[in-house]
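[1] I'd like to go over a predicted model; first the sequence, then the structure.
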Amino acid sequence: MDPRVSKAGKPRFSLVPVDALNLVIAVLEFGAAKHAEYDWLNYDSRTYFDAAMRHLMAWQGGQHKDPESGITHIAHAATNLLFMIALGERFQNERRRPSDG
């Protein structure tokens, strides 16, 4: 069997870079302490698009870590993109894209 093929359609979690995932978890824990657990479900994708872009622009401007959390801007941006993916999957028929102004 080809080792690149998942067995019986099971997800291959071993492909996820654990160090990056740990940073995303740190962002989630920071957010849960600052706001509330699962509070991210109360906002639409535009909110997370804007937040991801702010973190990416800060990173592009040379700031490695978010000054409030001490966690990398890239991890914050990745978390916001994950929220966008999750919202897109959960609310496919609703208007939740940045272009839907």
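    Right, received. Where do you want to start?
[2] which stretches of the chain have low pLDDT?
    Residue ranges of the chain with pLDDT under 70: 1-6, 93-101.
[3] and the helix or strand harbouring Ala86, what does it pack against?
    Per DSSP states H and E: Ala86 is located in helix 73-90. Helix 73-90 makes packing contacts with helix 18-34, helix 45-60 when contacts are defined by 3 or more CB pairs under 8 Å, 6 or more residues apart in numbering; DSSP states H and E. Using the backbone N, CA and C atoms, a C-beta is placed for each residue, glycine as well.
[4] need those helices in JSON lines (columns: distance to Asp66).
    What follows is these, written out as JSON lines (distance: least, CB to CB, whole Å):
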{"stretch": "helix 18-34", "distance to Asp66": "9"}
{"stretch": "helix 45-60", "distance to Asp66": "7"}
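[5] circling back to that earlier point, got the buried residues for the helix holding Ala86?
    Using 16 or more other CB atoms under 10 Å as the test for burial, helix 73-90 gives 73-84, 87.
[6] what do you get for stretch 53-73?
    Buried residues in stretch 53-73 (16+ other CB under 10 Å): His55, Leu56, Ala58, Trp59, Asp66, Ser69, Ile71, Thr72, His73.
[7] those residues: which two are farthest apart?
    Largest separation among those by CB to CB: Leu56 and Ser69, giving 15.5 Å.
[8] tell me the spacing between Asn22 and Ala58.
    The gap separating Asn22 from Ala58 is 21 Å, by CB to CB, to the nearest Å.
[9] ok, Arg46 next?
    19 Å.
[10] now swap in Ser45 and tell me
    Distance from Ser45 to Ala58, by CB to CB: 20 Å.
[11] then Leu28?
    Applying CB to CB to Leu28 and Ala58 gives a distance of 19 Å.
[12] what's the closest non-adjacent residue to the residue nearest the centre of the chain?
    Closest residue to the average C-alpha location of the chain: Thr79 at 1.9 Å, with CA atoms, centre = their mean. Closest residue to Thr79 apart from its sequence neighbours, by CB to CB, 6 or more residues apart in numbering: Val27 at 4.3 Å.
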